[in-house]
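Engineer: Just need the structure, nothing else, for what follows:
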Amino acid sequence: MASLKIHIYPNLSDIDADEWNALAGDDNPFLQHAFLNALEEHQCVGEHFGWYPVHLAIRGENDQLMAAMPMYVKTNYYGEFVFDWSWESAYQQQGMNYYPKLVVSIPYTPATGSRLLVHPDLENADSFRDLLVAQAIRFAQEQKFSSIHWLFTDESDTEYFKRKGMIQRVGCNYH
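Structural biologist: Okay, here's the model as predicted:
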């Protein structure tokens with residue numbers, strides 16, 4: 001793990017599509033490089049909508065992409081499909097700012113899926129999940145974000161977060 005490099009990418013286009021898709025798999029079109037990159041290229045995310053890309057990536061020897069997360073700085077609740085006005089209100093009552101916050105999610109997409117993307121050939125996948133989460137927490141603390149939210153996680157990621165003692169948000173959505 002000593003030779004690993006942590007990167008924050010403000011543009012998904014800075015990550016090779018084949019490398020990203022090798023981690024994302026092919027069972028969820030919303031995790032595909034083409035979908036996420038199109039959101040950036042067509043300015044569906046960014047200043048006007050409060051989704052600022054800060055994708056987290058871990059690279060190993062030979063600069064190979066080992067793990068990654070689709071991560072965004074949020075400056076409003078637009079397009080999350082998680083309405084946490086009560087959390088925002090609680091922060092305001094305490095004289096604190098709820099925004100900006102960090103979300104690991106697919107913009108405008110209330111579809112479940114993996115958020116902790118780890119190369120499928122790695123035997124120690126949980127070690128890379130641990131590192132992704134630790135680096136996201138570190139980044140959030142350094143940038144003074146109010147919180148981190150992993151939204152619409154699949155069963156595997158949800159179970160991982162439960163084992164790690166993370167608070168689980170339970171909600172009801174009508175689709």
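
Engineer: which phi and psi does residue 4 have?
Structural biologist: Comment: the main-chain dihedrals of residue 4 come out as phi -80, psi 150, following degrees, to the nearest 10.

Engineer: so how far is residue 67 from it?
Structural biologist: 9 Å (CB to CB, to the nearest Å). Glycine gets a C-beta too; all of them are placed from N, C-alpha and C.

Engineer: Give me the more crowded residue out of the two.
Structural biologist: Relative neighbour count places residue 67 above the other of residue 4 and residue 67, with 24 against 14, counting by other CB atoms under 10 Å.

Engineer: returning to that earlier point: list the residues that contact both of residue 4 and residue 67?
Structural biologist: Counting by CB atoms under 8 Å, 6 or more residues apart in numbering, the shared contacts of residue 4 and residue 67 are 58, 131.

Engineer: just for the protein, where's the confidence low?
Structural biologist: 1-2, 83, 171-175 (pLDDT under 70).

Engineer: how near is the residue nearest the centre of the chain to residue 93?
Structural biologist: Nearest to the geometric centre of the chain sits residue 104, at 2.1 Å (CA atoms, centre = their mean). Distance, residue 104 to residue 93, using CB to CB: 26 Å.

Engineer: got it, and residue 113?
Structural biologist: 34 Å.

Engineer: higher neighbour count, the two?
Structural biologist: Comparing residue 113 with residue 93 by neighbour count (other CB under 10 Å), the higher total belongs to residue 113, at 20 against 8.

Engineer: Give the bridge partners for that one, please.
Structural biologist: Taking DSSP bridges, one obtains residue 153 as the residues bridged to residue 113.

Engineer: wait, isn't it in contact with residue 106?
Structural biologist: Yes: assessed by CB atoms under 8 Å, residue 113 is found in contact with residue 106 at 6.9 Å.

Engineer: Spit out the residues that contact the two alike.
Structural biologist: Jointly contacting residue 113 and residue 106 under the rule CB under 8 Å, 6+ apart are 30, 31, 152.

Engineer: Any idea what the closest residue in space to residue 5 that isn't next to it in sequence is bridged to?
Structural biologist: Once flanking residues are discounted, residue 5 sits nearest to residue 59: 4.7 Å by CB to CB, 6 or more residues apart in numbering. Per DSSP bridges, residues listed as beta-bridge partners of residue 59: residue 5, residue 65.

Engineer: follow-up on the earlier one: can you read off the backbone torsions of the residue nearest to the centre of the chain?
Structural biologist: When read as degrees, to the nearest 10, the backbone of residue 104 gives phi -110, psi 100.
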